[in-house]
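1. here you go, sequence then predicted model.
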Amino acid sequence: MEDLTQSWSRLTLTNREGPGCSLTATDSLEELSILAKFFTKRNLSIDAIARTFNPIWRARNGFKIQNYGDHMVLFTFDNKNDVDRIIASEPWSFDKHLVAMQKYDKETPIDEVKFERASFWVQLHGIPPKYMTKEAALKISGVIGEVTVPKEFKEIDGGNFLCLQVSIDLSLPLCRGRLISLENGRQVWISFKYERLPNVCYWCGRLTHDDKECEIWIDNEGTLKPDDRQFGPGLRASAFTPTRKMGLTVPGYYSSRKKAETTIVTTPMEAEVTANLEQLAMIITENTQANGRSETNRVTPTKELKCNAQSNNNCVAESMTRDINYGLENNIKTDMNVEPLLDPQQHEFQLHSININT
C-alpha cells in the first residue's frame, strides 16, 4: 500500500481526516536542535559521535543525540549559546569526513532538509602588500562562496595572508585560487587554502565523497595516476589565530618622550601605598593636634606624590618612610601593617606586614 503521508493530497478526506487540528507553540518542545549530515559511507555509531564531540563542544548542560538514518543525526540542546557557538565554529568533521550542520526547527520533515553549504575559514596567499586590505580581500574571495564581512581588518590579518569565513556550495569543487590583474597590467595568482579541511576528493575537488567514490575515478576504471589529480594537499592550511600580534604601530620618538615626562603612571601597588599613606597621615595629624603641635611645615603624602613618572616610585617610598619615622619618633600608635621596600633595580613596591605600635 502506498504511503498515505505522501499521497494524501489525492485522496478525498472525511470530516474527521480533514483540517481542524492546529498545533501552536504551547504544544511544542522548548528545545534547540542542530541537524547534521555525515558525508561518509560508513555506519555511524552514536557512542562514537558522543565521544568525539562532547569534549570539543563542552555544552553547558549536555545534549541529546538521535540517529535518523541516511547518515542524518539530530543534536538537541537546551542552551541557545551552545547552539550558536557550535554553528559559528564550522567546519566540523567526523572520522576525517565532513559533517554539514544547520539549525533545525523540527517543523520541516527531516527527509526534506537539504545540506548544500558549509562554512570554512579560507586563507588568501600571494596578495601584493599594496593590496592587503579588507576591500581587496572581499573582492578576491567572492568566487569562493558567500563571504562573511569582517568588522575590522585585524580580524583577517594573518601577516603575509588574509583570512575570511566563507560559506561554500558543496555541489561545486573547491576553488583553488584566482588570477587577478593589477593596475600595471601584471597578473598575479592568489592561492586559496582552507583551514580544518576534511577529506576531499583530489580528482574533482568536492567534499561529499572520497577519491575511490568519485565518478571520474570510476569512469576511468581506476587507471588514473596521481599526476592526473587536479587538486592536492596544497589546499590545506593550519588554523590562523587572529589574537596573535602580527604588526605594531610605533609612535613618534619625541612625542612619546614628551608624553612620558608629563604622564604620572599609577600602578595598583602605588594606589594601595597612597591609600596607606593617607590613612597614616590622618592618624599622625589627629595625634599631633591632640598634643598641640603644628604640622604647617610638613608636606602631605598627597602633595608628595605629584611628581613626574620617572621619580614617582621614589616619591612614594620617601614620603611613606618619613611618615612612619615621624610616627615612631613621636610615639604615635597605629594598627597599620605596612612596610615599604623599594627595589632600586626594579622600581617596584612590595608590602610586608609589621606592627607600628610603640
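-> Nice, thanks for sending it over. Numbering: from 1, shown residues only.
2. would you map the strands across this protein?
-> 32-38, 64-69, 72-77, 92-94, 97-104, 117-125, 146-147, 161-169, 177-181, 187-195, 236-237, 340-342, 349-351 (DSSP state E).
3. same list, those strands, but as CSV with mean pLDDT, mean neighbour count and distance to Pro19 please.
-> Backbone N, C-alpha and C define where each C-beta goes, glycine included. Converted to CSV, the strands of the chain look like this (pLDDT from 0 to 100; neighbours: other C-beta atoms under 10 Å; distance: least, C-beta to C-beta, whole Å):
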stretch, mean pLDDT, mean neighbour count, distance to Pro19
strand 32-38, 95, 21, 27
strand 64-69, 94, 13, 28
strand 72-77, 96, 19, 28
strand 92-94, 96, 20, 40
strand 97-104, 96, 20, 26
strand 117-125, 96, 21, 35
strand 146-147, 96, 16, 39
strand 161-169, 96, 20, 38
strand 177-181, 95, 14, 53
strand 187-195, 97, 16, 49
strand 236-237, 96, 17, 54
strand 340-342, 42, 16, 85
strand 349-351, 41, 15, 79
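4. quick one: which of those strands is nearest Thr223?
-> Closest of those to Thr223 is strand 97-104, at 25.7 Å (criterion: C-beta to C-beta).
5. sorry, back to before: which stretch among the strands of the chain comes nearest Ala281?
-> Across these, closest to Ala281 is strand 340-342 (C-beta to C-beta), at 14.2 Å.
6. sorry, back to before: closest one to Leu13 among the strands of the chain?
-> Across the strands of the chain, closest to Leu13 is strand 64-69 (C-beta to C-beta), at 28.2 Å.
7. which elements pack onto that closest one?
-> Secondary-structure packing of strand 64-69 (3 or more C-beta pairs under 8 Å, 6 or more residues apart in numbering; DSSP states H and E): helix 46-57, strand 72-77.
8. looking at the ones you listed, spot the one closest to Phe231.
-> For Phe231, the closest of the helices and strands packed on strand 64-69 is helix 46-57, at 26.2 Å, according to C-beta to C-beta.
9. in that closest one, what's buried?
-> Ile49, Thr52, Phe53, Trp57 (16 or more other C-beta atoms under 10 Å).
10. hmm, who's touching stretch 48-63?
-> Stretch 48-63 is contacted from outside by Ile65, Val73, Phe75, Thr76, Phe77, Asp78, Asn79, Asn81, Asp82, Ile86, Trp92, Phe94, using C-beta atoms under 8 Å, 6 or more residues apart in numbering.
11. shaky segments in the chain?
-> Low-confidence segments of the chain, defined by pLDDT under 70: 1-8, 25-30, 242-246, 259-270, 273, 284-358.
12. can I see the domain layout of it?
-> Per automatic domain parsing, the structural domains of the chain span 29-112, 117-237, 264-289+298-351.
13. now the ones you listed as CSV including distance to Thr249?
-> Formatted as CSV, the domains of the chain follow (distance: least, C-beta to C-beta, whole Å):
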stretch, distance to Thr249
domain 29-112, 30
domain 117-237, 12
domain 264-289+298-351, 21
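14. can you pull up the bridge partners for the residue nearest to Ala239 when sequence neighbours are not counted?
-> Residue nearest to Ala239 in three dimensions, not counting chain neighbours: Glu195, with 4.9 Å by C-beta to C-beta, 6 or more residues apart in numbering. Glu195 has these beta-bridge partners by DSSP bridges: Ala237.
15. number the residues from 2 up from this point.
-> Happy to do that; since the first residue is 2 now, the last one works out to Glu196.
16. ok, Glu196 touching Val123?
-> Yes - using C-beta atoms under 8 Å, Glu196 makes contact with Val123 at a distance of 7.5 Å.
17. list residues touching both of the two?
-> Residues within reach of Glu196 and of Val123 at once, by C-beta under 8 Å, 6+ apart, are Cys164.
18. give the contact list for Leu75.
-> Ser34, Ile35, Leu36, Ala37, Lys65, Ile66, Gln67, Tyr69, Tyr105, Ile111.
19. run through the bridge partners of the spatially closest residue to Gly127 that is not a sequence neighbour.
-> In space, Gly127 comes closest to Ile191 once its chain neighbours are excluded; the distance is 4.8 Å by C-beta to C-beta, 6+ apart. Counting by DSSP bridges, Ile191 is bridged to Arg179.
20. any figure for the gap between Ile191 and Gln124?
-> Distance, Ile191 to Gln124, using C-beta to C-beta, to the nearest Å: 10 Å.
21. now, which of the contacts of stretch 49-64 sits nearest Ile169?
-> Taking C-beta to C-beta as the measure, Ile169 lies nearest Trp93 of the contacts of stretch 49-64, at 13.8 Å.
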